[in-house]
Every structure is written in structure tokens, then in C-alpha cells.
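Novice: Structure for this input, please:
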Amino acid sequence: MGGRPSGYGWVLLAAVMWSTSGFFAKAPVFAGWPGAVLAFWRALFASVLLVLCVRRPSWSWGVVPMVFIFALMSATYLMTMERAEASVAIWLQNTAPAWVFLVGVWWLREPVQRHDWVMLALCGLGVGLIVQYQIRQAAIEAVALGLASGALYGGVILSLRRLRQHEPAFLVALNHVGTSVLLFPVAWSSGYWPQGVQWVYLAAFGMLQLGLPYMFLARGLRSVPSHQASLLTLIEPLLVPVWVYLAWGRHPSYQPPSGWTIAGGLFIISGLLYRHVVSARWAVGHTDNRQVPDETSAA
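Specialist: Predicted coordinates for the structure are as follows:
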């Protein structure tokens, strides 16, 4: 082992690092900044880091649809943010596990176990509770764009899994460079340019919150089925309000999550705990009881 994270460990680390987005996006130094402008600078700094990390670039035509899917995901997510509250965009994008599960299991024929169905049901119920409440507050077009961003996010996860023979840094560098190109016209025409400490925040926002986590996700997807990875990354939206509260909870503009968000989050975390903790211990216990003499075939 050598103390290195497993595939699940890489996916979990990516989700935790992604969850710090609220710390940066809600920072007072960016008060009044359009979300699309922040997204451009974040993707740009992420690109700088990831391009420097590329060591073994390789080409296949499969990366072309991946880059377009990632760029479209970013665009639809930002359009949802413009038309609805941030929480609406975040949770509608996190309908991705349903799309990943359907495509990954029934089209790509990835293995699925009974524990996966239980996790999907609990997580789906949690996301459904939150989405049905948020839809009441949002326009129809915002909901449609949010659901599109969720489907596209699922496409990104599946693409990274299918292209796992490529270097992770190369794949995510291509994605973020494409996003930077897409959002450059918006940033150029906005009139917002970083000054002073804003450069430090933007660099950390792009490199630590966005760039590195995607590289970790791509590495984890080498061994973790995509439908399991997408569900595990639901830890991200659960942690977002925690970091926001700890950092900016005393700020006058702070708004706590609704009761529906908390209830849905409990269902989601229950599903994740069942699949990755309870079921794992159950399996280990039954393996021990069988007293298998030869463990050389264990993965």
C-alpha cells in the first residue's frame, strides 16, 4: 500500500477540495463580481497549474467530445446561476449520478451490486427532496439548464473513466483550457479585472479548489466505477455550506441552508455511508467467517 490513497480515496479528496468553492465565491473581496467572470479566472489558473503538470500528453479522438461536454457543462451551469439561486444550480447539477448510473450500467455494462442500488435510492431521494423545493423558487428555463448541466457533468465523469489510459493531468488540462477559451469573451467585456489580494484568491480558487481535484478524480476513476464515483462526489455539496458558515457565517449577507436542503443532505450522506462503510464492513465480516485459506486472488 505504501500509505497511498486508493481509488476511492482520490475521489473523496477531490470532493472535499471542491467543497471549498463557497469559501472563495462568497469572499467579500469578490463582492459584485459576475459568476461567469469568476469562472473564467478560476479555469484559467487551473489551466496554468494543470498544463505544467502534464508529462505524457497523448492524443485520441475521444478527447474531442470530452472537451466540448466539459465546456457545455460549464456554460449551462453558469447560465443556471444567472437565472436562479446558487443552491439551485449546485443541486440540479448533482442529478448527475442518475445519468451516470443509467449510462454506465446499461450501456457501458459496468458492474453493479445490491449496495449500489440502495445507495442510488437514498441519494436519489435526497437530491429529489432538495430539487423539488428549489424548483418552486426558480424559473422553468433555469431548471432545464440545471438539469442539462447535471447530464453534462455525468458525461464528463463517464468520459474521464473511458479515457483513463491517458494521463489525468492531460485530460483535465484540456477541459479547463477549453472552458477558459469559452468564457474569455465574457470576462473581456465585463470590465472586472483582478487587483491586489484578488490575484491570490483567484490563484488558490483555480489551482487548489478546481484544478487539482479534477486530476485526483481522473486518477480515482482508473479503478472506481463511474456511477460509484459520481455518488461519492455528492459529499461536495454537503460540505459547501459548512465551509461557508465557518468562513463567512458572521457576514450580514450569510443565508443558512433551508430545512429541505438539510433533510435531503441527510438522505444523501446515509446512502454514501451505507455503500462505503456499512456494506464494506459487512462484506469483510462475511469473508472472515468463510475462512478462505488462499487470499492470493483478492484484488
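Novice: Give the phi and psi angles for residue 59, as a check.
Specialist: Main-chain torsions, residue 59, degrees, to the nearest 10: phi -120, psi 140.
Novice: switch to numbering from 15
Specialist: Let's use 15 as the start, then, which means that last one is residue 73.
Novice: List the contacts of it.
Specialist: Residues near residue 73 by C-beta atoms under 8 Å, 6 or more residues apart in numbering: none. To be clear about C-beta, it is placed using only N, CA and C from the backbone, and glycine gets the same treatment.
Novice: distance of it from residue 182?
Specialist: Going from residue 73 to residue 182 by C-beta to C-beta, to the nearest Å gives 15 Å.
Novice: Ok, residue 170 next?
Specialist: For residue 170, the distance to residue 182 equals 13 Å [C-beta to C-beta].
Novice: so where do the strands sit in the stretch 115-264 of the chain?
Specialist: In the stretch 115-264 of the chain, no strands are defined using DSSP state E, counting those that start in this stretch.
Novice: Can you show me the helices along it?
Specialist: Assigned by DSSP state H, counting those that start in this stretch, the helices in the stretch 115-264 of the chain fall at 128-149, 154-176, 182-204, 212-220, 226-234, 240-246, 249-262.
Novice: Give me the neighbour count for residue 27.
Specialist: Residue 27: 17 surrounding residues under other C-beta atoms under 10 Å.
Novice: Any stretches of the chain with poor pLDDT?
Specialist: Scanning the chain with the threshold set as pLDDT under 70 gives 15-19, 96, 98-101, 122, 126, 151-153, 240-241, 263, 266-270, 289-313.
Novice: Spatially, what comes nearest to the most centrally placed residue in the chain if we skip its sequence neighbours?
Specialist: By C-alpha atoms, centre = their mean, the chain has its centre lying nearest to residue 247, at 5.6 Å. Among residues not flanking residue 247 along the chain, residue 29 sits closest, at 4.5 Å (C-beta to C-beta, 6 or more residues apart in numbering).
Novice: Let me know the helix or strand that the one you found is in.
Specialist: In the assignment (DSSP states H and E), residue 29 maps to helix 21-32.
Novice: got the angle for that helix vs helix 249-262?
Specialist: Here the directions of helix 21-32 and helix 249-262 differ by 40 degrees (axes from the mean of the first three to the mean of the last three C-alpha atoms, to 10 degrees).
Novice: next one: the helix or strand just after helix 21-32 to chain centre, how far?
Specialist: Counting by DSSP H and E, the next helix or strand C-terminal to helix 21-32 is helix 35-39. With C-alpha atoms, centre = their mean, to the nearest Å as the basis, helix 35-39 stands 14 Å off its chain's centre.
Novice: now stretch 31-42
Specialist: That offset, for stretch 31-42, works out to 14 Å (C-alpha atoms, centre = their mean).
Novice: Between the two ends of that stretch, what distance do you get?
Specialist: 20 Å (C-alpha to C-alpha, to the nearest Å).
Novice: buried residues in it?
Specialist: Neighbour counts using 16 or more other C-beta atoms under 10 Å place 31-41 of stretch 31-42 among the buried residues.
Novice: of the residues you listed, closest to residue 262?
Specialist: Nearest to residue 262 among those: residue 40, at 5.2 Å, using C-beta to C-beta.
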